[in-house]
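Asks: Got a sequence here, can you build the structure:
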Amino acid sequence: MNPSDARRRILLIGDRRTDGLPDAATLTQAGYVVDALDALEALAAAAQHPYALILMALGAADLDGVIEATWRIRRLPYPRGDVPILVLTGTLGETDRERCRAVGMDGFLTSPGEREALLEAVAHWVEAADDPTWGLDARPGVTPPLLNRRTLAQLEDDLGAELLPEVLSTFLTEAARRLGLLEARVGAGDAFGAADEAHALKGSAGTFGAMALRQAVDEMERSGRGGDVARLTALLPEVRRLVTATCALLAAEYSSVVADAPHP
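Replies: Numbers count the residues shown, from 1 in each chain. Here you go, the predicted structure:
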């Protein structure tokens, strides 16, 4: 394998003074080119080299450091800043996860010490380099990103930079409307009607790269088809949260156009 092949090049960020980089050998043995660096070195490397994936070992750095590094990487010029970023963490509360997502973190690997789980997750995220539809299927231990930026990049290529924000505004309006209809169906105990609404929301979420939302409403659709009103009721708050979070992130990234789109 050519070491210059960005398709297999991974940046692993951690502090060498701790046990934050135990997975470098595992990744190298699996055929990846791994740059294992501390945070300061990693930021310079991310600005200079194309990576298929960036892994951050949370056990090797405090949460604020991980958030700062992600924020800085996301502000690198395209395509350097448009790379999947995954946190290796065993324990991280939902509030802290939201902080990570807010600065552009894509996902979390909850069992970083397990070789099989690590390699499965890495393979899953590396696929994003070539496939704008990646992330449609759930993977154990891997939290999907709010947005698949490669899907958005493909849409921008297809529609043009001027039209994309307008189309995204329509998606935000439609997502809020569909959420209201979904809530009404669940509230009425109409499982099959809720499944139809979830299916419609799933389609638009997938089209616009809203991966976490797509997976959540896919589960709602399957529960509705099975007539499980109790499960639909339990899933609804998470879908509501994801609609709000997805709309907020799109509004932040395309503020000149979509910031006024209605949120649920």
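Asks: Could I get the contacting residues of the closest residue to residue 200 other than its chain neighbours?
Replies: Taking C-beta to C-beta, 6 or more residues apart in numbering, and ignoring the residues beside it in sequence, residue 200 has residue 178 as its nearest neighbour in space, at 5.9 Å. Bear in mind the C-beta positions are built from the backbone N, C-alpha and C, glycine included. Counting by C-beta atoms under 8 Å, 6 or more residues apart in numbering, residue 178 makes contact with 197, 200, 201, 204.
Asks: Repeat that for residue 65.
Replies: Counting by C-beta under 8 Å, 6+ apart, residue 65 makes contact with residue 39.
Asks: Return the set of buried residues in the helix or strand where it lies.
Replies: In the assignment (DSSP states H and E), residue 65 maps to helix 63-74. The neighbour-count check on helix 63-74 (16 or more other C-beta atoms under 10 Å) flags 66, 67, 69, 70, 72, 73, 74 as buried.
Asks: before we move on, back to that, how far does the one helix or strand the residue nearest to residue 200 maps to sit from the chain's center?
Replies: When elements are assigned from DSSP H and E, residue 178 belongs to helix 164-187. In this view, helix 164-187 has its centroid 20 Å away from the chain centroid, taken as C-alpha atoms, centre = their mean, to the nearest Å.
Asks: Could you list the alpha-carbon positions for that helix in PDB?
Replies: The C-alpha atoms that make up helix 164-187 are tabulated as PDB, following Å, rounded to 0.1, in the frame of the first residue of the first chain:
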ATOM      1  CA  LEU A 164     -28.500  24.400  -1.900                       C
ATOM      2  CA  PRO A 165     -29.400  26.700   1.100                       C
ATOM      3  CA  GLU A 166     -32.900  27.300  -0.400                       C
ATOM      4  CA  VAL A 167     -33.500  23.600  -0.700                       C
ATOM      5  CA  LEU A 168     -32.200  23.000   2.800                       C
ATOM      6  CA  SER A 169     -34.700  25.600   4.100                       C
ATOM      7  CA  THR A 170     -37.400  23.600   2.500                       C
ATOM      8  CA  PHE A 171     -36.100  20.500   4.200                       C
ATOM      9  CA  LEU A 172     -36.200  22.300   7.600                       C
ATOM     10  CA  THR A 173     -39.700  23.400   7.100                       C
ATOM     11  CA  GLU A 174     -40.800  20.000   6.000                       C
ATOM     12  CA  ALA A 175     -39.000  18.200   8.900                       C
ATOM     13  CA  ALA A 176     -40.800  20.400  11.400                       C
ATOM     14  CA  ARG A 177     -44.100  19.800   9.700                       C
ATOM     15  CA  ARG A 178     -43.600  16.000   9.500                       C
ATOM     16  CA  LEU A 179     -42.600  16.000  13.200                       C
ATOM     17  CA  GLY A 180     -45.900  17.600  14.100                       C
ATOM     18  CA  LEU A 181     -47.800  15.100  12.000                       C
ATOM     19  CA  LEU A 182     -45.800  12.200  13.600                       C
ATOM     20  CA  GLU A 183     -46.500  13.500  17.100                       C
ATOM     21  CA  ALA A 184     -50.300  13.700  16.300                       C
ATOM     22  CA  ARG A 185     -50.400  10.100  15.000                       C
ATOM     23  CA  VAL A 186     -48.600   8.800  18.000                       C
ATOM     24  CA  GLY A 187     -50.800  10.800  20.300                       C
END
